[in-house]
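> Fold the following for me, if possible:
(one chain, ligands or ions: 1)
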Amino acid sequence: MSNNIAGKVVVITGASSGMGEAAARHLSAQGAAVVLGARRIERLTALVDEITAAGGKALAVQTDVTDLTQVQRLVDAAVATFGRVDVLVNNAGIMPLSPLERLKIDEWDRMIDVNLRGVLYGIAAALPHMQEQKSGHIINLSSVAGHKLFGGSAVYSATKFGVRALSEGLRMEVKADNIRTTIISPGAVKTELLDHISETDVQQANRDYVGQVGVPAESFARVVAFAISQPEELDINEILFRPTSQE
Ligand code: NDP
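All right, here's what the predicted structure looks like:
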C-alpha cells in the first residue's frame, strides 16, 4: 500500500540543521525526492551526499528565504529536476528572543524577514506551480509560541501567530485548487535554534529549559510525515505537539 509520501517531490527550507534536516532524512527514507534550501550550502551538500548514498533522491540549492528570487530558484529547481513540486515545507526560522525594552531592533527585523516574509516568499514561489498541477501541499512552521507568549517572545510570537493567520487565509483560498495547507506548531525541540539568541541570560534560561524537556528533531520528522501521508482528500490543517513534560 502507498504511504502517499513515496514519489512525492518535497521542498524543505531550513534543511541545513535541526527539524528541516531531520525531515529531509525521514521523508527521503519514505521514498520522497527532497529539495533542500538554506544558506549553509556545505551542510546541504553533505546531506544530499548522505541521502544519495542511501539510494534516495535529493538536491541542494543555496537559498536565503528573505530573497524572493532565491526562493523561486529553489522551487523552480525542484520542478526542473524532478518534474513537479508536491510539498513545500516552509521550515526556515530564527528565534533571537529578548525583552522588548532591550530594543534589539535588528533582531526584530530579521525575525519578520525570515519567519514571515520567508514563508510568504515560499508561498509565492510554489503556488503558481501547484495551481497549475491542481495539487500540492504547503506546510508552514508556527510554534507553541504562535499560540501563547513566554518571556522575551513578543516579536517571535508575533511572527508565529502571523504564520498561523496567513496559513489559514491560504487554506481558505486554495482549497478549490486541491492544495492542502498544514500549520505545525512544535513545542521544545533540541536543535540549533537557541544558538542565535544574543542575550546571554535569555539564552541560558532557554538552554536550561529545552535541555531538560526538549525532544529530538526526529519527532518533528514523524509529525510532518503524518500530515503528508494522509490521503489527498484529507487535509490536516493544524498540529500542535509538545514534549510530554513541557508546560
Ligand atoms: P535550527 O536553527 O536548527 O534550524 C533553522 C534552519 O533555518 C536552519 O537550517 C537555517 O539554515 C535556516 N535559516 C535561518 N535563516 C535562514 C534564511 N535567511 N534563509 C534560509 N534558511 C534560513 O532550528 P529548528 O530546526 O528548531 O527550527 C526550524 C523551525 O522550527 C523554525 O521555523 C523555528 O522557529 C521552528 N520551531 C522550533 C522549535 C524548537 O523548539 N526548536 C519550536 C517551535 C518552532 P542556514 O543558517 O544554513 O540558512
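
> how about the helices in this structure?
18-29, 41-53, 68-82, 105-111, 118-133, 154-174, 200-213, 218-229 (DSSP state H).

> hey, which of those helices is tucked in deepest?
Across the helices of the chain, averaging neighbours per residue (mean count of other Cβ atoms under 10 Å) puts helix 18-29 on top, at a mean of 24. Any C-beta I mention is one placed from the backbone N, CA and C, and that applies to glycine too.

> Distance from that helix to the middle of the chain?
11 Å (Cα atoms, centre = their mean, to the nearest Å).

> This protein against the ligand: which residues are in contact?
13-20, 38-40, 63-66, 91-95, 114, 141, 143, 186, 188-189, 191-193 (Cβ under 6 Å from any ligand atom).

> so who does the residue sitting nearest the centre point of the chain touch?
Compute the mean C-alpha point of the chain, and by Cα atoms, centre = their mean the closest residue is Asn91, 1.3 Å away. Asn91 is in contact with 12-15, 19-20, 23, 139, 141, counting by Cβ atoms under 8 Å, 6 or more residues apart in numbering.

> nearest to the ligand, of these?
Gly14 (2.8 Å; Cβ to the nearest ligand atom).

> And for the closest one, nearest residue in space, chain neighbours not counted?
Ala92 (3.2 Å; Cβ to Cβ, 6 or more residues apart in numbering).

> That neighbour and Ser16 touch, don't they?
No - Ala92 lies out of contact with Ser16 (Cβ atoms under 8 Å); the separation is 9.1 Å.

> Let me know whether Pro243 touches Lys190 as I believe.
No - in this structure Pro243 lies outside contact range of Lys190 using Cβ under 8 Å: 9.6 Å.

> Give me the phi and psi for the residue nearest to Gly14.
Taking degrees, to the nearest 10, you get phi -60, psi 130 for the backbone angles of Ala92.

> most remote residue from the protein's center?
Glu101 (29.2 Å).

> And stretch 227-236, what's buried?
227-229, 235-236 (16 or more other Cβ atoms under 10 Å).

> overlap in contacts of Pro243 and Lys190?
Common neighbours of Pro243 and Lys190 (Cβ under 8 Å, 6+ apart) are 214-215.

> chain center to the longest strand along the chain, what's the gap?
The strand spanning the most residues in the chain, taking DSSP state E as the definition, is strand 179-186. The chain centroid and the centroid of strand 179-186 are separated by 10 Å under Cα atoms, centre = their mean.

> quick one, it and helix 18-29 angle?
130 degrees (axes from the mean of the first three to the mean of the last three Cα atoms, to 10 degrees).

> contact partners of strand 179-186?
Contacting residues not belonging to strand 179-186 are listed as 19, 127, 130-131, 135-144, 146-147, 160, 163-164, 167-168, 170-171, 174, 219-220, 223-224, 227, 232, 235-242 [Cβ under 8 Å, 6+ apart].

> Format the CA atom coordinates belonging to that strand as PDB.
C-alpha atoms of strand 179-186 as PDB (Å, rounded to 0.1, in the frame of the first residue of the first chain):
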ATOM      1  CA  ILE A 179      -4.000  22.300  -2.400                       C
ATOM      2  CA  ARG A 180      -3.600  21.200   1.200                       C
ATOM      3  CA  THR A 181      -2.200  23.500   3.900                       C
ATOM      4  CA  THR A 182      -0.900  22.500   7.300                       C
ATOM      5  CA  ILE A 183       0.300  24.500  10.200                       C
ATOM      6  CA  ILE A 184       2.800  22.700  12.500                       C
ATOM      7  CA  SER A 185       3.400  24.200  16.000                       C
ATOM      8  CA  PRO A 186       6.200  22.400  17.800                       C
END
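
> Fine by me, thanks again.
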